[in-house]
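>>> Provide a 3D model corresponding to the input given below.
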Amino acid sequence: MRLPENLRSGLKKPLGVLIPDYEVTRSGVSSKIPKDAFVITVGDATTDKMISFGLSPSLSIVDSLEKRTKRDLPGGYVKTILECTNPPAEITEQSIGTIQQALKMAAPVRIIVTGEEDLLVLPVAVYAPDNSVILYGQPNEGLVLVQVTEEVRNKAKSIMGLMV
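Numbers count the residues shown, from 1 in each chain. Here you go, the predicted structure:
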């Protein structure tokens, strides 16, 4: 599925609550995450930041890039590493299948994406368990925290349905 040009500006609006950069602290983030949450991070910088806060994601999705610049993979303990290919501005069937597989495995799981992971927030929102919280970066603004609800799932499905 490819993201058409006319949808790009709409995706700049956060899927959840935007935590401004100056509030992205250990206490500022952890106070917004329920104790028993299944924490999912999308993005290298977000994953690194959460690990530095002592919040080990159950699932992390990374691509070794930050703002299109190569970087080292985030640290932290991972039980299983999966890989998939996902070109920029696309969501591949392989990526969706890898996300579904990862969500059935014992945590923590990391998916390393060849290509770009940004849009994978959408299928993660569709398939994540009910007690999930998704964290991803909003460039130059802060961190987006998404509590997965039926409303969020439906919005993500709707956006994916508009992709060609």
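>>> Touching, residue 124 and residue 99? I think so.
Yes. Contact criterion CB atoms under 8 Å: residue 124 and residue 99 qualify, at 5.8 Å. The C-beta positions use only the backbone N, C-alpha and C, and glycine is treated the same way.
>>> Pull the contacting residues for the residue positioned nearest the centre of the chain.
Centroid-nearest residue in the chain: residue 42, 2.6 Å away (criterion: CA atoms, centre = their mean). Residue 42 is in contact with 60, 61, 117, 118, 120, 121, 124, 134, 135, 136, counting by CB atoms under 8 Å, 6 or more residues apart in numbering.
>>> pLDDT-wise, what's the bottom of the residues you listed?
By pLDDT, residue 118 ranks lowest within the contacts of residue 42, coming in at 93.
>>> so residue 143 touches residue 19, yeah?
Yes. With contact defined as CB under 8 Å, residue 143 reaches residue 19; the gap is 4.6 Å.
>>> Tell me which of the two has more neighbours.
Legend: neighbour count by other CB atoms under 10 Å for residue 143 and residue 19, higher for residue 143 (26 against 20).
>>> now the more buried one, what's its secondary structure?
strand (DSSP: H, G, I helix; E, B strand; the rest coil).
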